[in-house]
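1. my questions are about this predicted structure, shown below with the sequence.
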Amino acid sequence: MAEMAASGESPEILFWVGCAGSFDARAQKITRAFAEIMTAVGLNFAILGNEESCTGDPARRAGNEFLFQMSALQNIQTLDGYGVKKIVTACPHCFNTLKNEYPALGGNYEVVHHTQLLQELIDGGRIKIKEGGAFKGKRITYHDSCYLGRINGIYEAPRSVLAALDADLAEMKRSRANGLCCGAGGAQMWKEDEPGSKRINIERTEEALDQNPDIIAVNCPFCMTMMSDGVKAKEKQEDVMVYDLSELIVNAIVK
Amino acid sequence: MIQQILFVLVAAFALGYAWLNFMRVRRNILLGQDEQIGGNTGQRWRNVLLVAFGQRKMFKRWIPAVFHFFIYAAFLLTQIELIEIFIDGAAGRHRFFRPALGGFYTFLISFIEVLSVLALAATIIFLIRRNVLRIARFHKPEMKGWPFKDANIILYLEFALIICIFTMNSADMALHDNEYGFAISRFLSPVWSGASETTLHAAERFGWWGHILVVFAFLNYLPFSKHLHIVLAFPNTWYADLKPRGEMENMPAIMNEVKSMMGLGATEDAGAGMDEIPEFGANDVTGLSWKNLLDAYSCTECGRCTSVCPANLTGKKLSPRKVLMDIRDRAEEVGRNIATGDKSFAKDPEKPLGRDNYQDGKSLFDYITREEIHACTTCNACVEACPVLINPLDPILKLRRYEILTESAGPADWLPMLTASKTEGQPGR
């Protein structure tokens, strides 16, 4: 973003990468896949790089409003400094905080989740899916993340993206508004589960595996961690892959 | 004449005593912090009409929804009959509406009778669901003891009410040569064949008095029971939060503090209210919003929230329903203590006891453990599940805020994340 601004350019959209997409080895692949798609369709985007800090979601949900305000106000300063109007992110937590919580602090942007942008690009014909692609006939079950689904009401965009793959889609018993959490939200990602009979990600993974999927599709880097760990714990990592939607699309597009 | 006097006396006592206790509930709800809730009346009416009157969210689980609807519809329509009972009782009349309404009266009472049969079936099914089938959500730890009895008492009262209605109507029909033609009682009145007029009259009076006495008992039971939802569901849906679900309530005091720290020209009221050491979040009902307390009193302990809570489903202690029950029980305790006027509960004995001048050495944390609030994933499944738009998540987050901001405590696991967020701008892994 800094380089673009220096040369007087302004991108169509800012890609908000988020902590997982930046630093988690598995989630970096999601970042790369999504960036590759945007490049392939010729979408002019930028990232903040080192100037991006955490949106403040985990701190706020842990209860640390002070830290949230520090992160958020700093980010708003940065975003406004570059005159950012539109943001896309591959993380539903960043998406929710940027979209729903920054306005109260004076940060107003058009924020979309990457699955919404993917849907737009597919519907607009900018992304072309290969005929008889890699996923034809594969059984995919889609996990609604809480922050995209129940909290922001986005159920159809990711499903319509998946439908474009010509795969065999299987819904889990609890889906859409009734979807079960993966266990990572509310800053749980950064702590051990409280004592109980089972980990939440195991409960959800078992439900996904009930559908005998080849692929569990997710839209959130934290769900990715939770579901991948679940699949490993159930020793199914040879049979079942966990992918973000952008990773599925990048392997199916006509480049 | 004796019956008239008796009726007026009983009614005056029942209504008066109920009024006092409803006012007690109102007073307890107002122990919460003031919060302006208004605007967008269109959406608020939609919530009241669709969610409260229309019971839309109940139908996410259609089996209990259908049976609940029977009881609800019977309850609503019986109010018409209740008006007549009041007039008859006070004026010494008999079926006051009948002459004026004629055939429509027969239809109306018949309709109520049909609904009452459906409600009777529903009551029996609900008793079976609770006591025989032992549906899991009715048998969580927080339902042990009084809450479980409470639910059964209400069902028994409903049962008694319906039995009284049919005793009254069928005996009354037998007394009047079956000329009323009520849809269900016409099949019941042959039971009375051969009975003397005195017996019939006694049975009719028994049903009539039984009905109204159960109604009065029910009315006075409500403010002591989880069953208050039949009243509070309406204001609770009206005052339901309309902002996006994912938006946590902003804390302007902290925002302005941080702004001035960052040299961002804090807005005019920076520092306002910061004269004394501020308390952030809530550790007691007096720190929650009055809406959180209205939520707690609106809860009928159905447990739909708890049955979809990922933490509860995997054996953690957190149960959103328990959080609400604890808030209500604590509000009862604080309200009761304040009502005693005992100065040992005052922070400042010079001032009158009240929301801002109360301490008893206890807090909500004596009811809700840290382990419970730490288990929440903020997934909003509980918020989505509630049929009367209660938000169990909001008080959990306020307790978390208190723990971190006021006590500087919280799960040790979070320290590296919070430290990294502060120093590196990223929560780390």
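-> That came through fine. Residues are numbered from 1 along each chain as shown, chains lettered A, B, ... in the order given.
2. which SS class is A:Phe222?
-> helix (DSSP: H, G, I helix; E, B strand; the rest coil).
3. what pLDDT does the model give it?
-> Listed pLDDT for A:Phe222 reads 98.
4. check B:Gly102 too.
-> 89.
5. and for it, the neighbour number?
-> 10 (other Cβ atoms under 10 Å in any protein chain shown). All C-beta atoms are positioned from the backbone trio N, CA, C, and that covers glycine.
6. same question for B:Asp348.
-> Neighbours around B:Asp348, by other Cβ under 10 Å: 11.
7. then the one 4 residues further on?
-> For B:Pro352, the count of nearby residues is 11 (other Cβ under 10 Å).
8. what about it, distance to B:Ala346?
-> Distance, B:Pro352 to B:Ala346, using Cβ to Cβ, to the nearest Å: 8 Å.
9. cool, A:Asp239 as well?
-> Going from A:Asp239 to B:Ala346 by Cβ to Cβ gives 67 Å.
10. neighbour count for the two, which is higher?
-> Legend: neighbour count by other Cβ under 10 Å for A:Asp239 and B:Ala346, higher for B:Ala346 (17 against 12).
11. tell me who's in contact with that one.
-> The contact partners of B:Ala346, taken as Cβ atoms under 8 Å, 6 or more residues apart in numbering or on different chains, are B:352-353, B:357-359.
12. neighbour-wise, which of these leads?
-> Busiest of those [other Cβ under 10 Å] is B:Leu353, holding 20 neighbours.
13. can you tell me the closest non-neighbouring residue to it?
-> B:Ile338 (4.9 Å; Cβ to Cβ, 6 or more residues apart in numbering or on different chains).
14. pretty sure that neighbour sits in a strand.
-> No. Assessed with three-state DSSP, B:Ile338 is helix; it does not lie in a strand.
15. quick one: terminal-to-terminal distance for stretch A:129-138?
-> For stretch A:129-138, the first-to-last residue distance is 15 Å (Cα to Cα, to the nearest Å).
16. list of residues touching the lowest-mean-pLDDT helix or strand in chain A?
-> Sorting the helices and strands of chain A by mean pLDDT, DSSP states H and E puts helix A:2-6 at the bottom, at a mean of 89. Taking contacts as Cβ under 8 Å, 6+ apart, the residues outside helix A:2-6 that touch it are A:10-11, A:46, A:49, A:51, A:82.
17. determine how far it lies from the middle of the whole chain.
-> Chain-centre distance of helix A:2-6: 26 Å, with Cα atoms, centre = their mean, to the nearest Å.
18. which of the contacts of helix A:2-6 are buried?
-> Buried members of those, scored by 16 or more other Cβ atoms under 10 Å in any protein chain shown, are A:11, A:46, A:51, A:82.
19. okay, those residues in a markdown table with pLDDT, distance to A:Pro195 and secondary structure next?
-> Listed next are the buried ones among the contacts of helix A:2-6 as a markdown table, based on pLDDT from 0 to 100; distance: Cβ to Cβ, whole Å; DSSP: H, G, I helix; E, B strand; the rest coil:
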| residue | pLDDT | distance to A:Pro195 | secondary structure |
| --- | --- | --- | --- |
| A:Pro11 | 94 | 48 | coil |
| A:Ala46 | 97 | 45 | strand |
| A:Glu51 | 96 | 40 | helix |
| A:Tyr82 | 96 | 46 | coil |
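20. can you list the residues of the stretch 101-250 of chain A near chain B?
-> Applying Cβ under 8 Å from any Cβ of the partner chain, we find that the stretch 101-250 of chain A lies next to chain B at A:101, A:104-105, A:146-147, A:150-152, A:177-178, A:180-181, A:183-188, A:190-200, A:202-204.
21. now, the residues you listed that are in strands?
-> Among these, none falls in strands (DSSP state E).
22. measure B:Pro141 to B:Met325 for me?
-> According to Cβ to Cβ, B:Pro141 stands 11 Å off from B:Met325.
23. out of those two, which sits in the busier spot?
-> For B:Pro141 versus B:Met325, the count of surrounding residues by other Cβ under 10 Å is larger for B:Met325: 20 against 8.
24. per-residue confidence at the more buried one?
-> For B:Met325, the model assigns a pLDDT of 98.
25. and it, what element?
-> B:Met325 belongs to helix B:320-340 when assigned by DSSP states H and E.
26. pull out the buried residues from that helix.
-> B:320-328, B:330-335, B:337-338.
27. can you show me the CA trace of it as PDB?
-> Extracted C-alpha coordinates of helix B:320-340, given in PDB (Å, rounded to 0.1, in the frame of the first residue of the first chain):
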ATOM      1  CA  PRO B 320     -26.300 -19.600  29.000                       C
ATOM      2  CA  ARG B 321     -29.600 -20.400  30.700                       C
ATOM      3  CA  LYS B 322     -27.800 -20.700  34.100                       C
ATOM      4  CA  VAL B 323     -26.200 -17.300  33.500                       C
ATOM      5  CA  LEU B 324     -29.700 -15.700  33.100                       C
ATOM      6  CA  MET B 325     -31.100 -17.600  36.100                       C
ATOM      7  CA  ASP B 326     -28.100 -16.500  38.200                       C
ATOM      8  CA  ILE B 327     -28.600 -12.900  37.200                       C
ATOM      9  CA  ARG B 328     -32.300 -13.100  38.100                       C
ATOM     10  CA  ASP B 329     -31.600 -14.800  41.500                       C
ATOM     11  CA  ARG B 330     -29.000 -12.200  42.300                       C
ATOM     12  CA  ALA B 331     -31.400  -9.400  41.400                       C
ATOM     13  CA  GLU B 332     -33.900 -10.900  43.700                       C
ATOM     14  CA  GLU B 333     -31.400 -11.000  46.500                       C
ATOM     15  CA  VAL B 334     -30.200  -7.500  46.100                       C
ATOM     16  CA  GLY B 335     -33.700  -6.100  45.700                       C
ATOM     17  CA  ARG B 336     -34.800  -8.000  48.800                       C
ATOM     18  CA  ASN B 337     -31.900  -6.700  50.900                       C
ATOM     19  CA  ILE B 338     -32.400  -3.100  49.700                       C
ATOM     20  CA  ALA B 339     -36.100  -3.300  50.600                       C
ATOM     21  CA  THR B 340     -35.200  -4.200  54.200                       C
END
